[in-house]
Structures are given as C-alpha cells and as structure tokens.
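S.K.: Attaching a predicted model along with its sequence, questions to come.
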Amino acid sequence: MSELPHNWKEIKADKAFWVEVKASTPDGILSEEDYDLHGEAVACVIHSSLKFSVNFYETEYASVNEVAGKYYIGNWMDVLMGPYDTVKAAALDILEAGFYGLGPFDAVHSSMPSAELLKLCEPALTIGQQAEINDVKYVRTEAGLIPV
C-alpha cells in the first residue's frame, strides 16, 4: 500500500478534481477509505490527458497528466503528486528528482513548445549524455543540447 501524499487534505478539498475522478470510476462511486480513494485518484490521473513523459533508462517511467485544469504526477513512486499550476513545474520536479536519484533520463516526450522543453531538459543531462527529446536524439555539450 502506498503512502498518502503530504498534501492529501489539499487534494481532497479540490472539488473539480474529484468530479473527474468520480467520472473515471466504473460505477461513478468513490471509496470512503483514504487509501482506496488515493488509488482511484492515481488511476484517474494516469489515464488523463498526457502532457509530459520521461524514461530513466527504461527502468523508471513518470508522466505529467492534466486533470480539471491542473497537472499531476500519478505514476511514479505510487504516490499522487500535485497539483501543479503548469506542466513545466511538474516536469521539473520529475527531472530534478530523477537526476539526483536515478541519474540522467534517456527519453522525454511532451506537448510543451520545443525550445521550452529543451531548456528544461538540458540541466538534467550530464555533458556527453545523449537523450531522445520528442523523437530527436540530442547530446549535451558545453554549449547546450545539439541534435545528433
């Protein structure tokens, strides 16, 4: 069983979020027990509109999904993270945590504008590291990211 997010009370108070979660359940009924409710929220987020995804050497995967106009991370470390006001803020949390915990990523896909995405990804790669960003292979150099 996963732990509840540190801001669980804040998440539970977001009425628009729970309307979406309730609509995503097979019977339209939400659990009363917090851990089951958390599981329903995570499932809703995972199946919502994908805005950013990252693979860390094919061993870890995380994504940012939009629910009720806010952004959440729901498929990493089995804990719902968010809400975030922007895709960029959520993606940055994943990239920073992954970089320090798992090492550099090997693939990112996002609906963010390319220039913004490249700027976000650059510090999460080490010099000489290659990664696929929106299906284009890049290498990190002293000058920045350049296509391979």
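M.R.: Great, that's in hand. Residues are numbered from 1 along each chain as shown.
S.K.: Look at stretch 117-128 and report the distance between its end residues.
M.R.: Distance across stretch 117-128, first residue to last, is 19 Å (C-alpha to C-alpha, to the nearest Å).
S.K.: Please read the previous query as pertaining to stretch 138-148.
M.R.: End-to-end distance (C-alpha to C-alpha), stretch 138-148: 5 Å.
S.K.: can you pull out the strands in the protein?
M.R.: Assigned by DSSP state E, the strands in the chain fall at 49-56, 60-67, 70-73, 81-84, 107-110, 130-133, 136-141, 144-147.
S.K.: Point out where this structure drops to low pLDDT.
M.R.: 1-2, 58 (pLDDT under 70).
S.K.: in the longest helix seen in it, what's buried?
M.R.: Scanning the chain for the helix with the most residues, using DSSP state H, yields helix 87-101. Of all the residues in helix 87-101, those buried under the rule 16 or more other C-beta atoms under 10 Å are 87-88, 90-95, 98-99. Quick note: C-beta positions are derived from backbone N, CA and C, even for glycine.
S.K.: Mind checking the strands of the chain for the one nearest to residue 18?
M.R.: Distance to residue 18, taken as C-beta to C-beta, is lowest for strand 60-67 among the strands of the chain, at 9.8 Å.
S.K.: tell me which strands and helices that closest one is in contact with?
M.R.: Strand 60-67 sits against helix 15-24, helix 34-46, strand 49-56, strand 70-73, helix 87-101, with contacts defined as 3 or more C-beta pairs under 8 Å, 6 or more residues apart in numbering; DSSP states H and E.
S.K.: Let me see the contact set for residue 136.
M.R.: Contacts of residue 136 were listed using C-beta atoms under 8 Å, 6 or more residues apart in numbering, and they are residue 147.
S.K.: how about 10 Å then?
M.R.: Counting by C-beta atoms under 10 Å, 6 or more residues apart in numbering, residue 136 touches 114, 118, 145, 147-148.
S.K.: Kindly report the same for residue 124.
M.R.: By C-beta under 10 Å, 6+ apart, the neighbours of residue 124 are 54, 56, 91-92, 94-96, 98-100, 103-105, 108, 131, 140.
S.K.: mind checking how far it is from residue 40?
M.R.: 31 Å (C-beta to C-beta, to the nearest Å).
S.K.: for residue 93, same thing?
M.R.: Applying C-beta to C-beta to residue 93 and residue 40 gives a distance of 23 Å.
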